[in-house]
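1. Fold the following for me, if possible:
(2 chains)
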There are 2 protein chains.
Amino acid sequence: METPWDHRYAQRTQRMKSSAIRELLKLTEDPEVISFAGGLPAPDVFPVEEFTSACEKVLKDFGAQALQYGSTEGFTPLREMIARHTSRYGISISPDNILITSGSQQALDMIGKVFINPGDRILVEEPTYLGALQAWNAYGAEYVTVPMDEDGMITSSLESALRCGVKFIYVLPNFQNPTGVTLSLQRRQELIEIADRYGVPIIEDDPYGQLRYEGENLPSIVSMDNEFRRNGSNEYRGNVIYLSTFSKTLAPGLRLAWVIAPTQVIRKLVQAKQGADLHTATFNQIVAFEVARGGFLDRHIWLIRRVYGERRNIMLDAMEELFPPGVQWTKPKGGLFLWGMLPQGMDTTEMFKVAVERKVAFVPGTSFYALGGGENTMRLNFSYSSPDLIQIGIERLGNLLKEMVIAEK
Amino acid sequence: METPWDHRYAQRTQRMKSSAIRELLKLTEDPEVISFAGGLPAPDVFPVEEFTSACEKVLKDFGAQALQYGSTEGFTPLREMIARHTSRYGISISPDNILITSGSQQALDMIGKVFINPGDRILVEEPTYLGALQAWNAYGAEYVTVPMDEDGMITSSLESALRCGVKFIYVLPNFQNPTGVTLSLQRRQELIEIADRYGVPIIEDDPYGQLRYEGENLPSIVSMDNEFRRNGSNEYRGNVIYLSTFSKTLAPGLRLAWVIAPTQVIRKLVQAKQGADLHTATFNQIVAFEVARGGFLDRHIWLIRRVYGERRNIMLDAMEELFPPGVQWTKPKGGLFLWGMLPQGMDTTEMFKVAVERKVAFVPGTSFYALGGGENTMRLNFSYSSPDLIQIGIERLGNLLKEMVIAEK
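-> As a prediction, the model looks like this:
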C-alpha cells in the first residue's frame, strides 16, 4: 500500500540499516536451532526471586513514586550507588557525573546526538561493536579503524589513524564485543598517552568488565587516564567518558545503563535525553537499586562468573577437539563472546545459511567491520546455551567447517 | 573543569535546549509549593495493588523471559491487544502496524529521526506540545504554525500555511497539551480534506483521548481519514500516523507508548529504535499487558475520569470565583490541562517568579509557541493536586493576578 510517507524519509534514514544480528536472530527463533548468535545472558542466572521481592517492596515502600514521572538524570540513590561503586576504582565522581540511560544503546545514541556532525570521523577498533556503528550512522559518522590482535587495539597503528583528525576514540577494553579480546595494560597506557598528545578524548564502553573468568582485573582506561593527569587528587578529569550497564550483571530486559562524563557533558546528554524519552523508567531504576543494594550484586556476579566461565571452557574445549585445522579463534578471559577466523577466502555469511539448516547459528563477522571486510570471521556467544547444547552446537559447526575446508582443497 | 569534549559538540546541540518545564519543575520541588506546572497524573489513581500482583504473576509465569532482551517491535500480545482495541474505533490494523515505544516522547523522537531533514517545515498548532518541538529541534526542523481557538486549530488558516510546503501536520485533537482544547468534528473533516488536497500526511498525537469528562467522544482523525478514503473496507489507509500512551491511563513511570503507522514506516521506525535503545523494557511491557488485560484498564479509566473530572470542576469554579476580570481561560472537556490568558502586555514568566515565592506554580505559556509569542499565557494542570490544594493554589494565583491587574491600571 502506497502512502504519502513513502517519499518523505529523511536522508539519514538511507544510512540506517536494520541490524544484521537482529534480523539473523529472527532466523534462529526456531527452538531446534542452537544459537551462538545472540548476545544474550543466560536466563538461568537471572535473579527472578530477588526481583519478585524487590518489586513487591518497591511498590509497598515507594508506591506511587515508583510509577510516576521521574527526573531525566535518573533515580538519585541509584546514581549515588554507582558513584560509590566507581570510587572503588580510584576515581572520585559525584552523582552529577552520572546519567542513567535506557540501556547502553541509548548512551551511544545520546553521545552521537550531542557530538557527531555529519562527516565527523570516529576512531573505532576493527572489528567493533555493531550497536555503536548503528547508533552513529544515523548522525552521519564516518569511521577510521585501527586493527586488533590478541592484546586488543594495535596502538602502534593509532598515530597514523589520529592524523586524519577524529572527534573521539571508541574502545571496548574488556572482553570486547565481538572478539572477546582484552586491551593489555601496556596498550592502555599507550592509548592514553597518544590520545593525549593529539588532544583526542576517549569513550570507554565496558559492559563486561566485571565478568572475568581468569587472570587479574586491569584498571579501567578512565582510571588510568585520571592517574596520568593527576595532580595529587583522584578527582575525575573528564577526558574519558565511561559507559556501563546492568544488562549483563542483573538483567537486560530492564534496559538500565549509565554514562560517566564531565558535568557539562552530562547536562548536554540530559537535554538530548529529554527530547528522546524524557527519562528511563522510574520503576525499573528503583527495582534495580533495591535488587543491587546490600551486596547482592557482588555475590550475584560471582555466580555469573562461575556459570559463564564453565561454558566458555566447554566451548573452547569442544572447538579444540572438533574444529578442523586452519580455523583459529580467540580465548577470551571473560565476557560473552569469542571470535572465529576461518582460512582466507571462506565466507561465513554463506556458511551461516547452511548452518541454520543444520540447526546451529552464529553471527557472520562482517557486520562488525566499520569499513567492510571480515568475510571469513564469526562471533560465537558462549553465555546463553547450556553446556550440553554448546557441545552439540560446536559439533554441528565443526562438521560443517570440516566439509568446507575439504571442499576448499 | 575544562575537558576536550567542550569544543566538540555537534551543531545540533546548539538547538537543543533543556525543557523549560523540566527546569521549572525543579523550582517547584519545594513540597510547600502547590504545583499546577507538571503534566503529572494523580498518584492516588495509580493501580499499585494491581501492579504488585502483576509483577509477581509475570515473574512467576514468564520468569526469565520477562528479564531477557526482547524484540524491537515490542511484546506481541501487547501489540495484539492494542490492535484489537484500535479496531473498536473502526480501523482494521494488525500488530505489524504497531511499534511499542519508550513513552510517546520516543515516538516523537523516532519520527523526527526517520522523517526530518534539517530545514524541513512541520506544521504545528500554536501553541503546541513542547516535547514535540524539543524532539524535532534536534533534527533541524523549522515550523509553520496555525492559530487555535476554542474549537482547536483554525482550519481556515491551514491552506495558506500548507502553501509553504510542509513535511507533515502535527495535531493533538483531544484536550490538547497545553490548551485543553478539542478539535471540533467539522474542523477534523476540514483538516483531512485540506491535507488530502495538498498531499500532506498527518501525525495525530492522542495521549488524553480516553480522559473525557463531559460530552460525546469524537472520532479520531485516523479513523475519519480512513472513512474519507474508504473503498468499502475499514483497512488502515496509512495517511495518518497515530500515537498514544499508557502514561495517562496506567502509569507514566513505566515509559510505555505506541505508534500506529503503515508497515513500511514501522520498519523504518524499528531500524531507528534499534539504534536508539534496542527495545522497550520487556518486563514493563509484560506487566502492563497483565495489568491492562481482562477489562481492568477500561474500569480503571472510569475511576480516572471521575477523579480528574472533579478536580477540573473545582479548578474552574475556583477560577471563576477568584480570578480578576480580564483574565480568560479555556474550559476543557477532558485531559489534564487548561490554558489561562492574561490581558495583553502582562508577562507570565515574570509572574512565575513571584508565584513560586508565594508557593504556587504553573508553566508560562511561551514555551509552547514554536515561533515565539504567548508571553501572557499560562498552562495549569488540574490532575495532580488534591481538591483542597487546587482551591488554595488558585486562591494564591488569584490574589497575585489581582495585584498585577491593579498595578497595570
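
2. Please go through chain A and pick out the longest helix.
-> Identified as the longest helix of chain A according to DSSP state H is helix A:296-322.

3. And that one, how far out from the chain middle?
-> Distance of helix A:296-322 from the chain centroid (Cα atoms, centre = their mean, to the nearest Å) equals 18 Å.

4. Check which helices and strands it sits against.
-> Packing partners of helix A:296-322 (3 or more Cβ pairs under 8 Å, 6 or more residues apart in numbering or on different chains; DSSP states H and E): strand A:337-341, helix A:387-408. For the C-beta atoms, the positions are set from N, CA and C on the backbone; glycine is no exception.

5. Quick check: mean pLDDT of that helix?
-> Averaged over helix A:296-322, pLDDT sits at 96.

6. Tell me the buried residues in it?
-> A:297, A:300-301, A:304-305, A:307-309, A:311-312, A:314-316, A:318-319, A:322 (16 or more other Cβ atoms under 10 Å in any protein chain shown).

7. Repeat that for stretch A:347-359.
-> By 16+ other Cβ under 10 Å, the buried positions in stretch A:347-359 come out as A:348, A:351-352, A:355-356, A:359.

8. Repeat that for stretch A:64-82.
-> Here stretch A:64-82 shows A:64-75, A:78-79, A:81-82 as buried, counting by 16+ other Cβ under 10 Å.

9. contacts with chain B among those, please.
-> Among the buried residues of stretch A:64-82, the residues within reach of chain B (Cβ under 8 Å from any Cβ of the partner chain) are A:64-72.

10. between the helices and strands packed on helix A:296-322, which has the poorest average model confidence?
-> Mean pLDDT is lowest for helix A:387-408 among the helices and strands packed on helix A:296-322, at a mean of 94.

11. and the residue nearest to residue A:358 when sequence neighbours are not counted, how many neighbours?
-> Leaving aside its sequence neighbours, residue A:358 sits nearest to residue A:396 (Cβ to Cβ, 6 or more residues apart in numbering or on different chains; 5.2 Å). The tally of other residues near residue A:396 (other Cβ atoms under 10 Å in any protein chain shown) stands at 17.

12. which ones are touching residue A:396?
-> Neighbouring residues of residue A:396 by Cβ atoms under 8 Å, 6 or more residues apart in numbering or on different chains: A:34, A:355, A:358-360.

13. Those in helices, which ones?
-> Residues of the contacts of residue A:396 located in helices (DSSP H): residue A:355.

14. Could you list the single helix or strand in chain A with the lowest mean pLDDT?
-> The weakest-scoring helix or strand in chain A, judged by mean pLDDT, DSSP states H and E, is helix A:20-27 (a mean of 68).

15. And chain A, split by domain according to the record?
-> When chain A is parsed with automatic domain parsing, its domains come out as A:11-47+A:298-408, A:49-294.

16. Not including adjacent chain positions, what is the nearest residue to residue A:79?
-> Setting aside the residues directly before and after it, residue A:79 is nearest to residue A:95 in space (Cβ to Cβ, 6+ apart), at 3.9 Å.

17. Which of the buried residues of stretch A:64-82 fall in helices?
-> Counting by DSSP H, these place A:78-79, A:81-82 in helices.

18. So which of the residues you listed is the closest to chain B?
-> Chain B lies nearest to residue A:78 out of these, by Cβ to the nearest Cβ, at 13.9 Å.

19. Double-check that closest one against residue A:101; I have them as touching.
-> No. If you go by Cβ atoms under 8 Å, residue A:78 and residue A:101 don't touch, sitting 11.9 Å apart.

20. for chain B, what are the nearby residues on the stretch 201-350 of chain A?
-> The stretch 201-350 of chain A has residues A:201, A:237-239, A:241, A:251-255, A:261-262, A:264-265, A:267-268, A:270-272, A:274-284 near chain B, with proximity defined as Cβ under 8 Å from any Cβ.
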